[in-house]
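A.B. asks: how would this look folded up:
(chains A and B)
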Amino acid sequence: MVAMPDEVLHNRIRVFRAEHRLSQSDLAQAIGVSRKTISTIEVGRFTPSTTIALKIARHFGVPVEDIFSLTKPTGE
Amino acid sequence: MSSTAQMSTPDAADRHARFAGIAGLLVATKYVVSASMHFADGTLLRVLDAAEIGIMAIAILVVAPFIYWKIAKLPRHERGLYFGPDSFVVESMRSARKASWAITMISLFVLEFLSATQSQLPGEFFIQIAIAIIFASFSVSFLYLMRGDGGDA
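C.D. replies: The predicted model follows:
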């Protein structure tokens, strides 16, 4: 499937962090990236590589699609 | 300000990356001072000479803790981890390099024009200004991309 240009990468990292009571630093340390990498992914400023996305999903023990999804922007 | 020893490794990695950007700005300032020395003489020249040495010393002091932290504090297997090719820091560096390249190219055209019209100035002056622009544009772009947001919620 080809992604539409107006689709954006949505993520639920903050939700999963809250459920697991993890800070950004804790998650960053667990997957071996800087805290800025996690914070900018969370707010949508940085699109993670496949490797980082898979590491985050593996850390939470869920499929990557549970954390990352392509969504159309609201307010169309 | 908390020291690197008290902060987590991911936070220390971000902090050291920002310090590298600040060091780049200091190097740019050093080259501006070097270029301005072509217009100075006497006491002012001695002051600028001392300022140049002082700025470089500060730049070294800014990056030295990063080198020490990376070599002495980080375990060997973690040294490449926080600044890996898919990290935000490296992506910011890539973007800053692109911005710096564009700004430098435009600046070189301007400097080429100026060197033709201001022939009394030595070629060294234009090279120093060009180097200052390279470092300044890269550092400013990098520090802008590394600006704070997305606090730990």
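
A.B. asks: ok, residues contacting stretch B:13-30?
C.D. replies: Applying Cβ atoms under 8 Å, 6 or more residues apart in numbering or on different chains, the external contacts of stretch B:13-30 come out as A:34-36, B:4, B:7, B:52, B:55-56, B:58-59, B:62-63, B:65-66, B:69-70, B:82-83, B:89, B:92, B:131-136, B:138-140, B:142-143, B:146. For the C-beta atoms, the positions are set from N, CA and C on the backbone; glycine is no exception.

A.B. asks: wait, I meant stretch B:128-142
C.D. replies: The contact list for stretch B:128-142 (Cβ under 8 Å, 6+ apart) reads B:20-22, B:24-25, B:27-29, B:31-32, B:34-35, B:92-93, B:95-97, B:99-100, B:103-104, B:107-108, B:111.

A.B. asks: check the offset of the longest helix anywhere in chain A from the chain's centre.
C.D. replies: Longest helix in chain A by number of residues, with DSSP state H as the criterion: helix A:50-60. Put simply, helix A:50-60 sits 8 Å off its chain's centre (Cα atoms, centre = their mean, to the nearest Å).

A.B. asks: what helices and strands are in contact with it?
C.D. replies: helix A:24-31, helix A:35-42, helix A:64-67 (3 or more Cβ pairs under 8 Å, 6 or more residues apart in numbering or on different chains; DSSP states H and E).

A.B. asks: and the shortest one, which residues are buried?
C.D. replies: I take that to be helix A:64-67. For helix A:64-67, a neighbour-count test (16 or more other Cβ atoms under 10 Å in any protein chain shown) marks A:Ile67 as buried.

A.B. asks: the next helix or strand after that helix near chain B at all?
C.D. replies: The helix or strand immediately downstream of helix A:64-67 is strand A:68-71, counting by DSSP states H and E. No. Against chain B, strand A:68-71 shows no contacts by Cβ under 8 Å from any Cβ of the partner chain, the least distance being 14.6 Å.

A.B. asks: which non-adjacent residue is nearest the residue positioned nearest the centre of chain B?
C.D. replies: Closest to where the C-alpha atoms of chain B average out (Cα atoms, centre = their mean) is B:Gly24, at 0.8 Å. Spatial nearest neighbour of B:Gly24, chain neighbours left out: B:Ser139 (3.4 Å); criterion: Cβ to Cβ, 6 or more residues apart in numbering or on different chains.

A.B. asks: helix/strand/coil for that neighbour?
C.D. replies: Of the three states, B:Ser139 takes helix according to DSSP: H, G, I helix; E, B strand; the rest coil.
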